[in-house]
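> Kindly return the folded structure for what I paste below:
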Amino acid sequence: MAMNNAYANYQNTRIMTASPAELTLMLYEGAIKFCNIALMGIEEKNIEKAHNNIVKVEHIIEEFQATLNHKYPVAKDFDNVYTYLLERLFEANMKKDPEILGEVLEHLRTMRDTWKEVMRLTNNGTKVS
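Sure thing, here's the model as predicted:
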C-alpha cells in the first residue's frame with residue numbers, strides 16, 4: 001500500500017512539474033498505453049476492458065482537439081486528424097475490431113515520435129529556432 005502511495009506521489013509530482021511539451025508527450029504515451037490495453041481486452045474477449053480503454057483514448061484525443069491553437073493554420077490539419085481518429089475509435093469500439101485499433105495505434109505512435117523529435121529540436125519545447 002505504501003509503495004502504491006509513493007508511486008502516486010511520484011506521478012503527481014512528475015505531472016505538476018512537467019513543461020507543456022512534456023505533458024503533451026505524456027498524453028501521447030497514455031493514449032498508446034490505453035490503446036494497447038484495449039487491444040489486449042479484445043484478444044481476451046473482455047468487452048468491458050476493451051471499451052473502457054478505448055474511451056480513455058478518445059478522451060485524450062478530445063483533449064488534444066480542445067486545446068488546439070487555431071491561430072496557426074496547421075491546427076485545422078490536426079483537427080482533421082483528431083476527428084478521423086475519433087471516428088475510427090468509435091468504429092473500433094462498436095465492432096471490437098483489432099485492425100482498426102492497430103491503425104489508430106500506428107497513427108498515435110507516429111504522432112508521438114514526431115512530437116519527441118520536435119521536443120529534441122526545440123530543447124524540450126522551450127526554445128524555438
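> any idea which element Ile100 lies in?
Using DSSP states H and E, Ile100 sits within helix 98-121.
> distance between that helix and the chain's centre?
Put simply, helix 98-121 sits 9 Å off its chain's centre (Cα atoms, centre = their mean, to the nearest Å).
> Show me the contact partners of it.
Helix 98-121 is contacted by residues 21-22, 24-25, 28-29, 31-32, 35-36, 38-39, 42-43, 54, 57, 81, 85, 88-89, 91-92, 125, 129 when judged by Cβ atoms under 8 Å, 6 or more residues apart in numbering. Just so you know, the C-beta spots here come from the backbone N, C-alpha and C atoms, and that holds for glycine as well.
> and those, which are buried?
If you count burial by 16 or more other Cβ atoms under 10 Å, the buried members of the contacts of helix 98-121 come out as 21, 24-25, 28, 31-32, 35, 38-39, 42, 54, 57, 85, 88-89, 92, 125.
> sorry, back to before: narrow the contacts of helix 98-121 to those in helices?
Counting by DSSP state H, these place 21-22, 24-25, 28-29, 31-32, 35-36, 38-39, 42-43, 54, 57, 81, 85, 88-89, 91-92 in helices.
> Just list the residues touching the residue sitting nearest the centre point of the chain, thanks.
Residue closest to the mean C-alpha point of the chain, counted by Cα atoms, centre = their mean, is Ala31 at 2.8 Å. Shown in contact with Ala31 (Cβ under 8 Å, 6+ apart): 56-57, 60-61, 108.
> I'd like to know how far the spatially closest residue to Ala18 that is not a sequence neighbour sits from Ile32.
Among residues not flanking Ala18 along the chain, Met26 sits closest, at 6.6 Å (Cβ to Cβ, 6 or more residues apart in numbering). Separation of Met26 from Ile32 (Cβ to Cβ, to the nearest Å): 11 Å.
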